[in-house]
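Asks: Pasting the sequence and the predicted model now:
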Amino acid sequence: MSRSTTRFDTKKVNSELVTLTYGALVAQIIKDLENTDDVSKQLERLGYNMGIRLIEDFLAKTGTGRCLDLKDTADKIQTAFRMYLGVQPNVANWSAAGDEFSFVLDSNPLTDLVELPEDLKGLKYCNIICGVIRGALEMVQLDVQSWIVQDQLKRGSKH
Amino acid sequence: MVIYGIYIVSKSGGLIFNYDNNVPKIETEKKFSYPLDIKLQVENKKIVVEFGQRDGIHVGHVLYAVNGVPVTGTQMDDGQNALEYLEHKENYPATLKFGRPKMTTNEKIFLASMFYPLFAIASQLSPEPKCSGIEVLEADTFRLNCFQTLTEMPIRCELFDSNLKSILEQIEKSGIANI
Amino acid sequence: MTVYNIYIFDKAGTLLYYEEWNRLKQSGMTRGRGGKTNSFVSKISPTDTKEGFLCYKTSKYTLHFLETPSGLKFVINTDVHSQGVRELLQQIYNQVYVEYVVKNPLCNLSQPIQSELFKSNLDSYIKQSPIFLSKAL
């Protein structure tokens, strides 16, 4: 899983394979853990572990330096979304102090083929992305919280 | 060539002479409204910009003044704590002056003693025998040239160009007092 | 021109990897000093630094230093005449470390690098570089 999404040249990997692999992974975790909150947490942790590696790849490929303000950070995460997921999120909802914002994803390849059943409504299906952002930024000494504001095939948005 | 400064360090690592020749002054003053979008932190008893660099105010810069009132350490000259002052909404808009921290003599002495082990380790780490200590140290913003005299009194100096070694030799001949 | 040795340290200064070529005298460091040098450099610098410490030169060798934003430190010692070593360090990071350590899920990032794949790739990468030209040959 981590291998297939970390490839820069996304053309090499069929995006449906990624979607299906991720779906299978989530389904398996749901089977293993009863509680949907635990599943969400597990996905976040999984993303975190990806993030701490993905950041090195990102730094190496973009040759970018250290972030010096959060706008810069937002910009770079946006680039990362484009590199790794092939989507361009919009940055919105900046707080007045400039320390909080949202990414709005118009399309999300992870949820392309997904519909959540009634009994799993509480599941944060894409929580892995929050984890990736947290893990990656932690490695560059930025402590952030990242959560899903709106979700479920309507729109995913996070900081 | 710009020469920023000259340092002379004794055999035991103490700073015995220092002269700042051409240190650029970097200061920025700007009006801020509430809430403050620059993250400040107390570091070495100074208020330092930690995150949120913009408009010439860089990470690592120190808060020098609030509304024209100079800040020493974390205290404003009128006795208030600057960080607490900036937490209150009613104190905005506020004009803050930031700048790159100037080195105090104490810090220079500290840095000189820091250079000494670096110099010695460089010589020990050599892959070949009979190696000198650091002769040139390069960073993205300056170059430091170091010349060690035969009396093992290292004299060092930072500058952009590498030609200072010969100048330093002249200084050596004519005596330190002439600098 | 010649390459003497390479060190890789993690952000805490732990030695992750060491390899040497063409060495005449045995000596080495086990803890990273780059961080210390870098803090010295940023304090003494007359203006704001971006990358900070780049290299230092002695009579016998040059030490080149590269720190990534994630705190990894790459240190390489070459003879005093070598050019473009910083680019080489950047490429080692991009094309060897990231490929064979970071993307190997079974490599622990905070432990010394044991991977044979990394070792052999790094070795051939260094040996291919124009900077590497053994004096012994």
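Replies: Noted; the coordinates are in hand.

Asks: Show me the residue at the heart of chain C, geometrically.
Replies: Geometric centre of chain C, nearest residue: C:V75, 2.6 Å, by Cα atoms, centre = their mean.

Asks: ok, and that one, which helix or strand is that part of?
Replies: In this structure, C:V75 sits in strand C:73-78 according to DSSP states H and E.

Asks: Run me through the strand neighbours of that strand, direction for each.
Replies: Sheet pairing of strand C:73-78 (DSSP bridges) gives strand C:3-9 (antiparallel), strand C:62-67 (antiparallel).

Asks: tell me the average confidence for the longest one?
Replies: For strand C:3-9, mean pLDDT rounds to 88.

Asks: buried stuff in the helix or strand just after it?
Replies: Per DSSP H and E, strand C:3-9 leads on to strand C:15-20 as the next helix or strand towards the C-terminus. Applying a neighbour-count criterion of 16 or more other Cβ atoms under 10 Å in any protein chain shown, the buried positions in strand C:15-20 are C:L15, C:L16, C:Y17, C:Y18. All C-beta spots, glycine's among them, are computed from the backbone N, C-alpha and C.

Asks: how close does A:A97 sit to chain C?
Replies: Taking Cβ to the nearest Cβ, to the nearest Å as the measure, A:A97 and chain C are separated by 24 Å.

Asks: which residues sit in contact with A:A92?
Replies: A:A92 makes contacts with A:F101, A:S102, A:F103, A:V104, A:S157, as judged by Cβ atoms under 8 Å, 6 or more residues apart in numbering or on different chains.

Asks: Go again with 7 Å.
Replies: A:F101, A:S102, A:V104 (Cβ atoms under 7 Å, 6 or more residues apart in numbering or on different chains).

Asks: now A:A136
Replies: If you count contacts by Cβ under 7 Å, 6+ apart, then A:A136 has A:G51, A:I52, A:L54, A:I55 around it.

Asks: got the CA coordinates for the helix or strand bottoming out on mean pLDDT in chain C in PDB?
Replies: Lowest on mean pLDDT, DSSP states H and E among the helices and strands of chain C sits helix C:34-44, with a mean of 77. C-alpha atoms of helix C:34-44 as PDB (Å, rounded to 0.1, in the frame of the first residue of the first chain):
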ATOM      1  CA  GLY C  34      27.000  19.000  12.600                       C
ATOM      2  CA  GLY C  35      24.200  20.300  14.800                       C
ATOM      3  CA  LYS C  36      26.700  22.000  17.100                       C
ATOM      4  CA  THR C  37      28.500  23.500  14.200                       C
ATOM      5  CA  ASN C  38      25.300  24.700  12.700                       C
ATOM      6  CA  SER C  39      24.200  26.400  15.800                       C
ATOM      7  CA  PHE C  40      27.600  28.100  16.000                       C
ATOM      8  CA  VAL C  41      27.200  29.200  12.400                       C
ATOM      9  CA  SER C  42      23.700  30.600  12.700                       C
ATOM     10  CA  LYS C  43      24.700  32.700  15.800                       C
ATOM     11  CA  ILE C  44      27.900  34.100  14.300                       C
END
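
Asks: Summarise which helices and strands the following helix or strand past that helix is packed against.
Replies: Where DSSP H and E defines the elements, the next helix or strand beyond helix C:34-44 is strand C:53-57. Other elements packing on strand C:53-57 under the criterion 3 or more Cβ pairs under 7 Å, 6 or more residues apart in numbering or on different chains; DSSP states H and E are strand B:136-139, helix C:34-44, strand C:62-67.

Asks: How far away from the center of its chain is strand C:53-57?
Replies: Here the centre of strand C:53-57 is set off from its chain's centre by 12 Å, with Cα atoms, centre = their mean, to the nearest Å.

Asks: send the alpha carbons of that strand over as CSV?
Replies: Backbone C-alpha positions of strand C:53-57 (Å, rounded to 0.1, in the frame of the first residue of the first chain) are rendered in CSV as follows:
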residue,chain,number,x,y,z
PHE,C,53,26.8,25.5,7.6
LEU,C,54,28.0,24.1,4.3
CYS,C,55,31.6,22.9,4.7
TYR,C,56,35.0,23.5,6.3
LYS,C,57,38.4,23.0,4.9
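
Asks: That'll do, ta.
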